[in-house]
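Participant: The sequence and its predicted three-dimensional model are supplied below.
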Amino acid sequence: MIGSVSNSTLSSVSSDPRRGVAATPARPLLELDNLSTHYISAQGTRVVRAVDDVSLRINAGETLGIVGESGSGKSTLALSILRVLPPAAQIVSGQVWFEGEDLVRMSDAQMRHVRGKRIAMILQDPMASLNPLFTIGNQVGEPIRVHEGASRAEAWRRARALLKSVHIPSPETRVTQFPHEMSGGMRQRIVGAIGISCEPRLLIADEPTTSLDLTIQAQYLNLLRELQREHGLALIFITHNLGIVAKMCDQLVVMYAGRVVESGPVSRIFNAPAHPYTQALLNSIPRMGDSRQRLTAIEGQPPDLSALPRGCAFAARCPAAFDRCHKEAPPEFNLDGGRTARCWLSSVAMQSGAA
Amino acid sequence: MSMSSEIIVLPPSVTPRAAAIRLGELPMIPLIILATIAFMAIFADVLAPHNPEVGALTARFRPPFWQAGGSMDHILGTDQLGRDVLSRLIFGARVSMVVGFTAVIFAGVVGTALGILAGYLGGWVDQVIMRITDAWLALPALTFAIFLAAIVGPSMWNIVIILGLVYWTRYARVVRGEVLSLKEREFVRLAIVAGCSKLTIMRRHILPNVVNSAIVLATLMLGVVIVTEASLSFLGVGVPPPQPAWGLMLSDGKQGLMVGYWWLTVLPGCCIMLMVLSANLLGDWLRVKLDPQLRQL
């Protein structure tokens, strides 16, 4: 009986591949197992479940998009992977498997060798990511010196090559200049160069294009794709722009209220979203050549993460909600084609499909 | 030669480091004053016409040469013990320079280091350092300095240490504030994400960014420190006599002011004023010069 999916089998489904991976060559590069990160107030009275029971995986060379509205836990998720959370936040449970090691249990010293070397990150505002007092060459070369102990001259030489690879004209002069002498687009590309300076396996880009105008955005996305192809790196792309997801990503994870509500290959989710929230998100994208239809907005507000409802977090805003949704939180259902959805409707669909 | 073959050769792009100091834009007047005082301090032995600590009681209260009774032998007159005022001013420059600069640097290094630690590490480190700072600042600086001087006894190097201990809190306060805003800046986050250790971040990303403020504060503090040194000497707990310090000279000359021996107070007073003023002007220039965004404009 495929239809009778119980809670226990579901949770074992998500952790099974990890134990079985030793034999399979296609082991994911990064795998999050039931990761929860909570913000806990000083007195411990208020707990904000910013990331709640999130499982996802990404293979080498793949691009994973993470979408969701502001406050849905996307950025906290990224910070949890690198363990650079603000003091109030802590990882309360779960594992982060990266190349066979659990990052959650690593020592701080070991973790420092992961950051920047094996997993690099591009921050939300790359425009402000450069230290105004140091030359470009100095900053692009810094991770190389920190992680590989390279000499100043060697770091400088590599910095020049890196600037060239991100299409900065006349890198020889640019390395000696300061951030304020660069245009916004150039600074952005320089931050990209810093990201790939130590040849990481995984690059996390947290809304890297929100502060850019559209032409530069497009250029930058092309650059990221190019870097990804050349260096074979996996890319996690955090955004709330579904257009970018369609252009850039292979896999998609949709987050709502700190949870993954739907995940799977981008084309499948875009063609047939399983979760009503994903459907609503897709309906709220303006479409070319369809000027008569009004844009649909999602009614209501996202829930307070410190006081989540008993049932499904989206139930209050969901057009398809029924009794069970308000009483019981849905588990993650595995659908066909490597998709998952946290929605009771998916369970109904599976039952009818099996019947 | 036709026009087309004339290639416009642009001057090689000047790197900011090379462009940082051009002679023409130096603040000439304060630099000249400070350089003169420094010159006097270094070559005091050669420059001074008389021994600053030994006078002739037969030649007391001689006025400067341009007044009646003055002579070119004592260009700026003599004091109540018949010591040459010019020689004492020249040697006094040495005391003020050494005390001023070393105390400011000592206070600056201690204060900046503690300020960075407090600001960047936060938590109990911050609490401990800042509560000490608060308590320190609650004490009136001069009274505190007198208290310390009374314990350790007066000597020039004791004064340096005392002034350093009294004034480091000013740096700690200012630097901590800067660090608090700096550590939220994106480039510090990027350094964290790039795997830099806390020490590396404090050294490479925080320190260079607070050095500007520390230097500007130091030049302002130079004036305060020199005045405090003078005050301590004036009150008799500073540089011990017969060593010539400007503050001490002021103190010794104050009885003479009412009976017309003006040169005993006005001249060292002018020296203090000029040095403090020059230090402040230089500080302001440095503030602009050290800002990479302002210096290109």
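Facilitator: Nice, I can see it. Numbers count the residues shown, from 1 in each chain, chains lettered A, B, ... in the order given.
Participant: and residue 238, what pLDDT?
Facilitator: All of this is about chain A. At A:I238, the model reports a pLDDT of 90.
Participant: that's the wrong chain, I meant chain B
Facilitator: Looking at B:G238, its pLDDT stands at 77.
Participant: Tell me which stretches of the stretch 151-300 of chain A form helices.
Facilitator: Taking DSSP state H, counting those that start in this stretch as the test, the helices found in the stretch 151-300 of chain A are A:152-165, A:171-174, A:184-195, A:214-231, A:242-248, A:266-271, A:276-283.
Participant: Close to chain B: what parts of chain A are there?
Facilitator: Within chain A, the positions near chain B by CB under 8 Å from any CB of the partner chain are A:82, A:84, A:87, A:112-117, A:120-121, A:123-134, A:142-143, A:146-147, A:173, A:176-178, A:180-181, A:191, A:194. Using the backbone N, CA and C atoms, a C-beta is placed for each residue, glycine as well.
Participant: re the thing from before, just the helices of the stretch 151-300 of chain A: most buried one?
Facilitator: Neighbour counts (mean count of other CB atoms under 10 Å in any protein chain shown) averaged over each of the helices of the stretch 151-300 of chain A peak at helix A:184-195, with a mean of 24.
Participant: For residue 238, list the residues it contacts.
Facilitator: Looking at chain A here, since you left the chain open. A:I238 makes contact with A:65-66, A:74-75, A:77-78, A:204-207, according to CB atoms under 8 Å, 6 or more residues apart in numbering or on different chains.
Participant: nope, chain B
Facilitator: B:149, B:154, B:159, B:229-232, B:245, B:247-248.
Participant: now B:D252
Facilitator: For B:D252, the contacting residues are B:79-80, B:241, B:264, by CB under 8 Å, 6+ apart.
Participant: hang on, the earlier thing: can you redo the helices of the stretch 151-300 of chain A as TSV with distance to B:A35 and mean pLDDT?
Facilitator: Output for the helices of the stretch 151-300 of chain A, formatted as TSV (distance: least, CB to CB, whole Å; pLDDT from 0 to 100):
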stretch	distance to B:A35	mean pLDDT
helix A:152-165	35	89
helix A:171-174	36	88
helix A:184-195	41	85
helix A:214-231	50	82
helix A:242-248	60	86
helix A:266-271	70	89
helix A:276-283	69	86
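Participant: Is it correct that A:T210 is in contact with A:L123?
Facilitator: No: A:T210 is beyond contact range of A:L123, at 10.9 Å (criterion: CB atoms under 8 Å).
Participant: before we move on, the earlier item: what's the farthest-apart pair in the contacts of A:I238?
Facilitator: With CB to CB as the measure, no two of these lie farther apart than A:G65 and A:S75, at 14.2 Å.
Participant: what does stretch B:260-277 rub up against?
Facilitator: B:30, B:33-34, B:37, B:61, B:63-64, B:76-77, B:79-80, B:85, B:89, B:92-93, B:96, B:100, B:222-223, B:226-227, B:230, B:246-247, B:249-250, B:252-254, B:256-257.
Participant: Can I get the buried ones among these as something I can paste into ChimeraX?
Facilitator: To isolate the buried ones among the contacts of stretch B:260-277 in ChimeraX, judged by 16 or more other CB atoms under 10 Å in any protein chain shown, type:
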select /B:30,33,34,37,61,63,64,76,77,79,85,89,92,93,96,100,222,223,226,227,230,246,247,249,250,252,253,256
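Participant: where in the chain is pLDDT low?
Facilitator: Here I'm looking at chain A. Along chain A, the model assigns pLDDT under 70 to residues A:1-26, A:211, A:288-295, A:348-355.
Participant: looking at chain B here, not the other one
Facilitator: In the predicted model, chain B carries pLDDT under 70 at residues B:1-25, B:70, B:290-297.
Participant: okay, the contacts of B:D252 in a markdown table with secondary structure next?
Facilitator: What follows is the contacts of B:D252, written out as a markdown table (DSSP: H, G, I helix; E, B strand; the rest coil):
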| residue | secondary structure |
| --- | --- |
| B:D79 | coil |
| B:Q80 | coil |
| B:P241 | coil |
| B:L264 | helix |
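Participant: okay, among the residues you listed, which ones form the most distant pair?
Facilitator: The distance between the two most remote of the contacts of B:D252 (CB to CB) is 14.0 Å, for B:P241 and B:L264.
Participant: Neighbour count: those two, which is higher?
Facilitator: When B:P241 and B:L264 are compared for neighbours, B:L264 comes out ahead with 25 against 16, by other CB atoms under 10 Å in any protein chain shown.
Participant: separation between that one and chain A?
Facilitator: Distance of B:L264 to chain A, computed by CB to the nearest CB, to the nearest Å: 48 Å.
Participant: Apart from its neighbours in sequence, what residue is nearest that residue?
Facilitator: Take B:L264 and drop its neighbours on the chain: the residue closest to it by CB to CB, 6 or more residues apart in numbering or on different chains is B:G253, 2.8 Å away.
Participant: who are the neighbours in contact with B:S197?
Facilitator: Contacts of B:S197 (CB under 8 Å, 6+ apart): A:R112.
Participant: Oh, that last question was meant for B:F65, not what I typed.
Facilitator: B:F65 is in contact with B:71-72, B:74-77, counting by CB under 8 Å, 6+ apart.
Participant: follow-up on the earlier one: more neighbours, A:T210 and A:L123?
Facilitator: A:L123 (23 against 13).
Participant: Is that one in contact with B:V193, as I believe?
Facilitator: Yes: contact criterion CB under 8 Å: A:L123 and B:V193 qualify, at 6.9 Å.
Participant: quick revisit: among A:G65 and A:S75, which residue is more densely surrounded?
Facilitator: Neighbour count, other CB under 10 Å: between A:G65 and A:S75, A:G65 has more, with 24 against 20.
Participant: and the closest residue to that one other than its chain neighbours, how many residues sit next to it?
Facilitator: Nearest in space to A:G65, with sequence neighbours left out and distances taken as CB to CB, 6+ apart, is A:C249 at 3.6 Å. By other CB under 10 Å, the residues close to A:C249 number 23.
Participant: Repeat that for the one 3 residues further on.
Facilitator: Counted by other CB under 10 Å, the residues lying close to A:L252 total 26.
Participant: center of chain B - which residue?
Facilitator: B:L222 (2.5 Å; CA atoms, centre = their mean).
Participant: What helices and strands are in contact with the helix or strand hosting that one?
Facilitator: Using DSSP states H and E, the element containing B:L222 is helix B:207-235. Packing contacts for helix B:207-235, counted by 3 or more CB pairs under 8 Å, 6 or more residues apart in numbering or on different chains; DSSP states H and E, involve helix B:85-121, helix B:141-152, helix B:156-182, helix B:246-257, helix B:263-290.
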